[in-house]
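A.B. asks: Here is the input, now give the coordinates:
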Amino acid sequence: QVQLVESGGGLVQAGGSLRLSCAASGRTFSHYVVGWVRQAPGKEREFVASINWSVGLTYYADSMKDRFSISSANAKDTVYLQMNSLKPEDTAVYYCVAGRPPYGSVRYAYAYDYWGQGTQVTVSS
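C.D. replies: Modelled structure (predicted):
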């Protein structure tokens, strides 16, 4: 079982940037799809982005692909989410997730088996 340790959340003004990090603990990310899901107050969890660790393929929510970028540092078993041009509606708890989602469900927020504790991102207007 892999544990996920997130960092990098915080408060930022609209238009600013943040980078989230997620490191594996207890097991490597090999053979997993690793990514981020967010949950805003009063809303369902929403897929943000993920990366297939073995082959490097990336997946994005259509609404965020122009502003967010996911990347990996394989030697460190760490995944990053670079968020640019942040908007107040990006305010949410961001969860690092990992798993082996069934074919066709990689953009489904609930398809992942492992979740981090979440990190708060707040974007002020």
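A.B. asks: Look at Gly9 and report its pLDDT.
C.D. replies: Each residue has a pLDDT score; the one for Gly9 is 93.
A.B. asks: And for the residue nearest to it when sequence neighbours are not counted, the neighbour number?
C.D. replies: Across the structure, with Cβ to Cβ, 6 or more residues apart in numbering as the measure, the residue nearest Gly9 apart from its sequence neighbours is Thr119 (3.4 Å). In short, each C-beta sits where N, CA and C put it, glycine included. By the criterion of other Cβ atoms under 10 Å, Thr119 has 22 neighbours.
A.B. asks: I'd guessed Thr119 sits against Ser7; true?
C.D. replies: Yes. Distance between Thr119 and Ser7: 6.7 Å, which falls inside the contact criterion (Cβ atoms under 8 Å).
A.B. asks: quick one: contacts for Val37?
C.D. replies: Neighbouring residues of Val37 by Cβ atoms under 8 Å, 6 or more residues apart in numbering: 45-48, 94-95, 97, 109, 112, 115.
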